[in-house]
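K.L.:
Got a sequence here, can you model it:
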Amino acid sequence: MKNRGIRNIEKKLWDEDFERIRLTRSKKRAIVICTIVFFCFFVVFIRLIVLMVFDHEVLSQKAERQYRKIKTLEAQRGSIWDREMRPMALTIETDSLYAVPSKIKGIKDLASKLAPVINTPVARLIEKFLAKKDKDFMWLMREMDEETARRIDKLKNELELKEEMGILTEAKRYYPNAQKASHIIGYTNIDDDGLDGVELQYNDYIKGKVKKIQLGKDARGYSLPKDIEREIPGNNLLLTIDGNLQNIVEREIENAVMTWKAEAAVAIMMDPMTGEILAMANSPTYDSNFAGKVDVDRRRNRAITDLYEPGSTFKVIMAAAAIEEGIVKLDERFDVSKGFIKVPGGVIRDAHRHGVLTFKEVIQKSSNVGAVQIGLRLGEERFYQYIKKFGFGGKTGVDLPGEAKGLLKSPKRWSGRSLASMSIGQEIAITPLQILRAYSAIANGGKLMKPYIVSEIISPSGEIVKSISPKIEGRVVSEETARIMRDILKTVVEEGGTAQKASVVGNLVAGKTGTAQMVDPETGRYSKDDYVSSFIGFVPADNPRIALIVVVYKPRGARYGGVVAAPVFKNIVEHTLVYLDIPIEREENYVFVVSNSR
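P.N.:
Now for the predicted structure:
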């Protein structure tokens with residue numbers, strides 16, 4: 001019993017010691033843990049102070065960058081319509097192929113399979129991938145056709161390419177009428193910027209304003225629904241061009257180029273009362289959808305860029321000035337029977353011998369000798385001032401890019417022969433549009449109008465942003481002088497005139513032929529083979545609705561404007577009168593047997 005009591009006492013003492021030790025260790029552990037926790041909280045507290053006080057601005061900006069992004073919205077390009085609101089240029093959606101080079105592992109294998117689909121050499125494709133192997137984006141093919149896009153989808157599925165390649169939908173410019181009015185409309189590049197025509201001239205209006213917006217995004221980088229952007233289209237253009245008249249003009253000058261095996265041809269139709277361009281065509285032409293694939297010469301708008309000596313069509317300017325200045329009478333007679341006239345440095349000849357001609361007949365028969373006599377009487381300074389008043393030597397201001405202002409020397413730089421030469425349309429270089437505008441001034445009573453292509457700029461909502469109205473830039477001659485000149489120009493298309501082939505059934509035509517030698521660039525002299533044949537006129541002669549110029553460059557087989565250009569004028573006008581429903585003035589045909597014409 002005694003031993004048992006001793007063991008109980010010992011056990012009790014042991015338990016007390018163990019409990020004491022356990023409590024001591026627990027206290028130490030608690031102290032350590034509390035110390036650690038306190039230290040951690042202290043560190044966090046200090047860190048919070050640093051973040052919230054010292055680094056607050058930097059971190060706020062970083063957070064903003066992570067959860068917000070700036071996106072540039074390219075405005076969809078506006079449409080272009082003709083005067084009847086028929087579409088001439090539209091924007092459609094197309095697919096473009098891109099790659100993420102940084103995620104592509106088997107570059108050579110992918111390139112060998114992709115290259116035939118996008119029509120690119122394998123080596124070149126590999127080179128592109130390697131050059132941007134660390135980049136996250138690169139274009140592989142822009143504006144794919146449907147067949148290529150289908151083959152790309154099939155290839156992606158076969159190779160299980162989810163992140164390495166993708167297809168984006170882009171806006172593409174589309175010209176539904178292909179070649180029609182291509183020199184007026186122009187074209188755009190792959191980034192939707194206008195490069196020619198009204199596409200370039202009105203690029204800022206059509207393309208619209210580039211807008212940058214902030215988008216919220218989640219942790220994966222996807223835009224938040226509340227911030228989805230809306231497309232902002234550009235403005236639309238309403239042209240003065242009539243698509244049907246454009247078709248007529250283009251068809252006829254193309255036929256003329258084929259008939260005469262000519263280098264090129266130009267035709268412009270204008271409303272002489274307002275300056276509105278109703279049609280403007282060049283042959284050869286091109287398809288605006290594939291502008292980058294054609295030669296630069298085909299894209300050149302010769303109607304406003306190419307200079308040529310006008311020849312006999314310029315005699316109208318000289319004649320109008322002589323009438324306005326009162327230095328000639330209509331029935332005054334000029335002896336041109338010699339067929340030539342001596343001028344400093346040589347002689348100027350007539351194409352056909354005449355006897356004695358009245359002033360009116362000098363213009364009707366296009367006598368060079370008679371024109372020189374009148375020009376010499378007019379004098380250098382007066383003639384020069386009228387040339388300037390009619391708009392030569394400066395741009396017309398038409399709203400198309402690339403217009404040339406022509407070549408006109410001041411009288412101080414004229415030679416002893418210049419006045420005589422300019423009286424018959426030499427030693428001056430002009431554009432087809434310049435001289436058509438001058439003839440339009442005769443047609444409308446003496447007012448020089450500013451030609452224009454766009455009549456209205458219309459917003460996406462249908463509001464008129466800008467309206468272009470007819471603008472009179474000055475009076476060149478009196479109404480009486482203009483009336484007299486119209487009467488004279490009517491005789492050019494009558495029997496005995498040089499442009500009988502320009503007459504049309506039922507309506508009087510007023511106009512003038514031109515046959516000008518071209519300068520040989522190698523010799524610097526007038527060529528014996530290359531000519532510019534032209535005819536300019538307006539219809540109906542006494543109440544003009546249209547003014548039209550036809551210019552044929554380097555025709556073969558004939559050279560006179562009355563033979564080459566006048567019939568083209570006739571064909572265009574006859575179809576135009578029907579289309580515009582212009583009343584017939586007389587039943588008889590105003591056509592006579594045609595002789596050789598200048």
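K.L.:
centre of the chain versus stretch 466-477, how much separation?
P.N.:
A distance of 23 Å separates the centroid of the chain from that of stretch 466-477, by Cα atoms, centre = their mean, to the nearest Å.
K.L.:
typed the wrong thing, it's stretch 501-513
P.N.:
For stretch 501-513, the distance to the chain centre is 33 Å (Cα atoms, centre = their mean).
K.L.:
Could you pull out the buried residues of it?
P.N.:
Buried residues in stretch 501-513, defined by neighbour count with 16 or more other Cβ atoms under 10 Å: Lys501, Ala502, Ser503, Val504, Gly506, Asn507, Leu508, Val509, Ala510, Gly511, Lys512, Thr513. Where C-beta positions appear, they are placed from N, C-alpha and C, glycine not excepted.
K.L.:
likewise stretch 530-545?
P.N.:
Quick answer for stretch 530-545 (16+ other Cβ under 10 Å): 530-541, 544-545.
K.L.:
quick one: it to chain centroid distance?
P.N.:
26 Å.
K.L.:
now swap in stretch 550-563 and tell me
P.N.:
That offset, for stretch 550-563, works out to 28 Å (Cα atoms, centre = their mean).
K.L.:
Any idea how far apart the tips of that stretch sit?
P.N.:
Separation of the first and last residues of stretch 550-563 by Cα to Cα, to the nearest Å is 12 Å.
K.L.:
go on, stretch 496-516?
P.N.:
21 Å.
K.L.:
centre of the chain versus that stretch, how much separation?
P.N.:
33 Å.
K.L.:
before we move on, what about stretch 450-464?
P.N.:
The answer for stretch 450-464 is 15 Å, by Cα atoms, centre = their mean.
K.L.:
From start to finish, how long is that stretch in a straight line?
P.N.:
Across stretch 450-464, first to last residue, Cα to Cα, it's 21 Å.
K.L.:
same question for it, mean pLDDT?
P.N.:
Averaging pLDDT along stretch 450-464 yields 95.
K.L.:
And for it, what's in contact with it?
P.N.:
The contact list for stretch 450-464, computed with Cβ atoms under 8 Å, 6 or more residues apart in numbering, reads 78, 83, 184, 198, 201-202, 205, 233-241, 270, 275-277, 280, 396-400, 433, 437, 465-468, 470-473.
K.L.:
So which of these are in helices?
P.N.:
Ile184, Val198, Gln201, Tyr205, Leu433, Arg437 (DSSP state H).
K.L.:
Quickly note the distance from the second one to Pro451.
P.N.:
The reference is to Val198. Distance of Val198 to Pro451, computed by Cβ to Cβ, to the nearest Å: 13 Å.
K.L.:
Those two - which one has more neighbours?
P.N.:
Taking other Cβ atoms under 10 Å, Val198 and Pro451 do not tie; Pro451 has more neighbours (28 against 25).
K.L.:
Quick check: the gap between Gly497 and Ile268.
P.N.:
Gly497 is 23 Å from Ile268, by Cβ to Cβ.
K.L.:
check contacts around the residue nearest the centre of the chain.
P.N.:
Nearest to the geometric centre of the chain sits Gly197, at 1.3 Å (Cα atoms, centre = their mean). By Cβ under 8 Å, 6+ apart, the residues touching Gly197 are Ser182, His183, Ile184, Ile185, Gly186, Tyr187, Asn301, Leu400, Pro401.
K.L.:
Which of the residues you listed sits closest to Phe45?
P.N.:
Phe45 has its nearest neighbour among these in Tyr187, at 66.6 Å by Cβ to Cβ.
K.L.:
Leaving out the residues flanking it, which one is nearest to that closest one?
P.N.:
Ala291 (3.8 Å; Cβ to Cβ, 6 or more residues apart in numbering).
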